[in-house]
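the sequence and its predicted three-dimensional model are supplied below.
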Amino acid sequence: MKSFLLACLTLLILISCQKDEDMMDVENADWYILTAPDARAIEGVYGNIDGTVIISTGKNIYRTDDKGKTWRTGNYNSNQGIFSFAMLRDTLFALNTQSTMNNTSGSELILAKNPSFYSLDQGLTWFSYNKVFYPEDGPIVLLNKTYTTAGTEYQIDKLIDGGYIETVGIKTSSGQKIALPQQHQINSVYFDKKDRLYVSASAAVCGNKNNFSFCNGENGVLYVSKAAQK
């Protein structure tokens with residue numbers, strides 16, 4: 001009987017150790033990986049992974065204070081989509097228009113602009129913005145490019161095949177190529193004040209333009225680099 005109990009105990013310890021190893025394998029050495037709470041792509045992000053992160057999934061706004069383990073839902077209620085956020089003084093603005101233009105060198109710039117709503121509590125409570133505080137057009141945020149403190153450009157890397165656009169990762173002005181752990185349609189990139197890179201994206205995709213599908217559900221993904229970028 002004692003031998004049987006000892007064998008069972010040993011088996012339980014081995015199973016427990018295996019579970020711990022499996023959990024470690026799931027974690028990524030380079031990225032925090034946050035999953036959106038609804039079945040939409042993540043469009044834009046603002047915040048700091050050490051504190052509060054706010055995301056938009058188009059028409060919904062969520063906030064997490066624990067690296068995506070739990071999400072709180074903002075009271076944003078409008079048919080206007082949100083493509084990004086901008087903080088001015090103590091006010092967070094939701095940018096409701098996306099536009100595309102070319103700069104003087106011919107490089108494509110994808111912009112989020114036209115703030116129509118603002119929040120004073122980091123994304124939980126939203127009010128209509130009538131441009132009393134900032135009568136000009138307001139803040140503009142680059143979606144497809146972002147810059148480190150040192151000035152290195154990080155840009156969404158994409159391939160265009162006819163009318164099909166495939167995003168294949170991030171490229172930098174220093175020649176670096178950054179691949180994500182899975183394939184996604186990337187919507188925007190952003191740096192926090194510690195130069196950690198945030199990549200807002202769709203759920204993981206499998207296949208190509210002829211047999212495109214989501215690999216495992218449609219909830220968007222946010223990648224945050226664990227190390228500062230240069």
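Yep, it's here. Residues are numbered from 1 along each chain as shown.

any idea how far residue 142 lies from residue 109?
Residue 142 is 6 Å from residue 109, where distance means CB to CB, to the nearest Å. Any C-beta I mention is one placed from the backbone N, CA and C, and that applies to glycine too.

of those two, give the one with the bigger neighbour count.
Taking other CB atoms under 10 Å, residue 142 and residue 109 do not tie; residue 142 has more neighbours (17 against 14).

what sits against residue 86?
Neighbouring residues of residue 86 by CB atoms under 8 Å, 6 or more residues apart in numbering: 46, 92, 93, 95, 115, 138, 139, 140, 141.

can you do 7 Å?
93, 95, 139, 141 (CB atoms under 7 Å, 6 or more residues apart in numbering).

pretty sure residue 182 contacts residue 204?
Yes. Using CB atoms under 7 Å, residue 182 is in contact with residue 204, at 3.9 Å.

now the contacts of residue 86 in TSV, with distance to residue 36, neighbour count and secondary structure?
Below are those laid out as TSV (distance: CB to CB, whole Å; neighbours: other CB atoms under 10 Å; DSSP: H, G, I helix; E, B strand; the rest coil):
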residue	distance to residue 36	neighbour count	secondary structure
93	21	27	strand
95	18	27	strand
139	24	17	coil
141	19	20	strand
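
pLDDT check: weakest of those?
The member of the contacts of residue 86 with the lowest pLDDT is residue 139, at 88.

would you mind measuring from that residue to residue 206?
Distance from residue 139 to residue 206, by CB to CB: 36 Å.

need the helices for the chain, in chain order.
2-26 (DSSP state H).

just for it, where's the confidence low?
1-26, 131-137, 209 (pLDDT under 70).

rewinding a little: and residue 182 and residue 204? Which one has more around it.
Neighbours per residue, other CB under 10 Å: of residue 182 and residue 204, the larger number sits with residue 204, 19 against 15.

verify the stated contact: that one with residue 183.
Yes. Residue 204 is within contact range of residue 183, at 6.4 Å (criterion: CB under 7 Å).

contact partners for residue 192?
Neighbours of residue 192 in contact, by CB under 7 Å, 6+ apart: 48, 198.

give me the neighbour count for the closest residue to residue 193 other than its chain neighbours.
Leaving aside its sequence neighbours, residue 193 sits nearest to residue 48 (CB to CB, 6 or more residues apart in numbering; 7.0 Å). Look at residue 48: counted by other CB under 10 Å, it has 13 neighbours.
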